[in-house]
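1. only the shape, not the letters, is given here:
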């Protein structure tokens, strides 16, 4: 690493660590009843990740960049699909299991 890139890498590492700690603190304080809406929000973010990976794939100029973009699209899509499966299971816990008794 050259000294010109070191400050940029350190700033990026600092932002990543700050985001990780902040995310952990915020998520750990969410009540259980709000986990389903929280999952919906994270599914939205996973969709944006897929769009970003598609953009990287479509603008790639080398075979390596295309491979990384393709892997990003596949993993992002799997992550988003898995999020929807988990959200569906969480919502199933709140569904009525039988007919209502009067």
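-> In hand now; what should we look at? Since this is a predicted model, take the numbers as computed values, not measurements.

2. what lies in contact with the helix or strand bottoming out on mean pLDDT in the chain?
-> For the chain, using mean pLDDT, DSSP states H and E, the weakest element among its helices and strands is helix 35-58, scoring a mean of 82. Applying Cβ atoms under 8 Å, 6 or more residues apart in numbering, the contact partners of helix 35-58 are 27, 30, 65-66, 68-70, 72-73, 76-77, 79-80, 83-84, 86-87, 90-91. Where C-beta positions appear, they are placed from N, C-alpha and C, glycine not excepted.

3. moving C-terminal from it, which element do we reach first?
-> Using DSSP states H and E, the helix or strand that follows helix 35-58 in sequence is helix 63-92.

4. show me what that following helix is packed up against.
-> helix 35-58 (3 or more Cβ pairs under 8 Å, 6 or more residues apart in numbering; DSSP states H and E).

5. what is the orientation angle of the helix it packs on with helix 63-92?
-> Angle between the axes of helix 35-58 and helix 63-92 is 160 degrees (criterion: axes from the mean of the first three to the mean of the last three Cα atoms, to 10 degrees).
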